[in-house]
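Peer 1: Fold the following and give me the result.
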Amino acid sequence: MINVLIADEHSLFRQAVRSALEIEEDLTVVAEAADGLEALEAADRLAPHIALIDTELPKCNGISATRLLRERVPGCKVLVLSNHQDQTALFDAMQAGANGYLTKAIPLAKLIEAARAVLRGETIVPPAMLGDLLSQLVRSKEQQNEVLRRLSRLTRREREVLALLVEGADNDLVAQRLVISPETARTHIQNILSKLDVHSRLEALALVLKNNIVKDMILA
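Peer 2: Numbers count the residues shown, from 1 in each chain. Predicted structure coming up:
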């Protein structure tokens, strides 16, 4: 059996999808969730094969829930559902690790087909939205490459400092963790800002996080 998690704020929608899915012999709904936190708790506990997640979940929105779910339950596929075609939501969903994106305007039969396609390893995107998505992904990759080029200017020690800043460390904690003086920590941070061509620590962190640069990439 294919175990399914449905996460949507509206109980009527969840019930309609559940009724349609459970007619199928190979599909069973193992959990419903009305918000993102419930969805994550259910996924942690039940490890479903696929999760159907609405973009506008309360408490933890669908994009954030998708990212966390894919990190915590890597084997679970995610099909993101939206009330309307939203190019930003599509891009964010793909960046978060979603395996597909559909609007709720589709017939339930098409939703079931899409779920099976995702489980086969396919990526599902509305054809009318695919061109813009590919353009956004190319731009995002180019921007990430530019940030990596700037990171390559940093010394090994400066990379270690930046990795700590991304974790939320202040000057004193940086100094403590790296066994250096606070003055030396400040000097490293000023060098980082100069080499990344930014004006503040906050701007440096935004540059790294916006371009999905992870700690391993900083320290590579």
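Peer 1: which residue packs closest to the residue nearest the centre of the chain, ignoring adjacent ones?
Peer 2: Nearest to the geometric centre of the chain sits residue 96, at 2.2 Å (C-alpha atoms, centre = their mean). Sequence neighbours aside, residue 67 is the residue nearest to residue 96 in space, at 3.9 Å (criterion: C-beta to C-beta, 6 or more residues apart in numbering). All C-beta atoms are positioned from the backbone trio N, CA, C, and that covers glycine.
Peer 1: Isn't the one you found up against residue 93?
Peer 2: No - counting by C-beta atoms under 8 Å, residue 67 stays clear of residue 93, with 9.3 Å between them.
Peer 1: what about these two, which has more around it?
Peer 2: Each of residue 67 and residue 93 has its neighbours counted (other C-beta atoms under 10 Å); residue 93 has more, 27 against 18.
Peer 1: residues touching that one, list them.
Peer 2: 55, 62-63, 66, 80, 101 (C-beta atoms under 8 Å, 6 or more residues apart in numbering).
Peer 1: Torsion angles phi and psi at it?
Peer 2: Residue 93 adopts backbone torsions of phi -60, psi -40, taken as degrees, to the nearest 10.
Peer 1: Low-confidence stretches in the chain?
Peer 2: Scanning the chain for pLDDT under 70 picks out the ranges 214.
Peer 1: Let me see the domain layout of it.
Peer 2: Using automatic domain parsing, the domain parsing of the chain gives 2-129, 143-219.
Peer 1: report the longest helix in the chain, please.
Peer 2: helix 127-151 (DSSP state H).
Peer 1: continuing past it, what's the next helix or strand?
Peer 2: Of the helices and strands lying after helix 127-151 in sequence (DSSP states H and E), the nearest is helix 156-166.
Peer 1: hmm, back to that, ok so the residue nearest to residue 96 is a helix residue?
Peer 2: Yes - if the criterion is DSSP: H, G, I helix; E, B strand; the rest coil, then residue 67 is within a helix.
Peer 1: please renumber so the chain begins at 664
Peer 2: From this message on, residue numbering opens at 664, which makes the last subject residue 730.
Peer 1: how about the helices of this protein, start to end?
Peer 2: Shown for the chain, the helices assigned by DSSP H span residues 674-686, 699-709, 725-735, 750-758, 771-782, 790-814, 819-829, 834-841, 845-859, 864-873, 878-882.
Peer 1: Show me which residues of the second one are buried.
Peer 2: Residues of helix 699-709 classed as buried by neighbour count (16 or more other C-beta atoms under 10 Å): 699, 701-703, 705-706.
Peer 1: ok so, going back, and the longest helix of the chain, what does it pack onto?
Peer 2: The contact analysis (3 or more C-beta pairs under 8 Å, 6 or more residues apart in numbering; DSSP states H and E) places helix 790-814 against helix 750-758, helix 845-859, helix 878-882.
Peer 1: what angle do that helix and helix 819-829 make?
Peer 2: Between helix 790-814 and helix 819-829, the angle comes out at 130 degrees (axes from the mean of the first three to the mean of the last three C-alpha atoms, to 10 degrees).
Peer 1: Helix 750-758 and helix 790-814, what's the angle between them?
Peer 2: Counting by the same axes, to 10 degrees, helix 790-814 lies at 60 degrees to helix 750-758.
Peer 1: between helix 790-814 and helix 864-873, how big is the angle?
Peer 2: Using the same axes, to 10 degrees: helix 790-814 against helix 864-873 is 130 degrees.
Peer 1: Show me how far helix 790-814 is from its chain's centre.
Peer 2: 15 Å (C-alpha atoms, centre = their mean, to the nearest Å).
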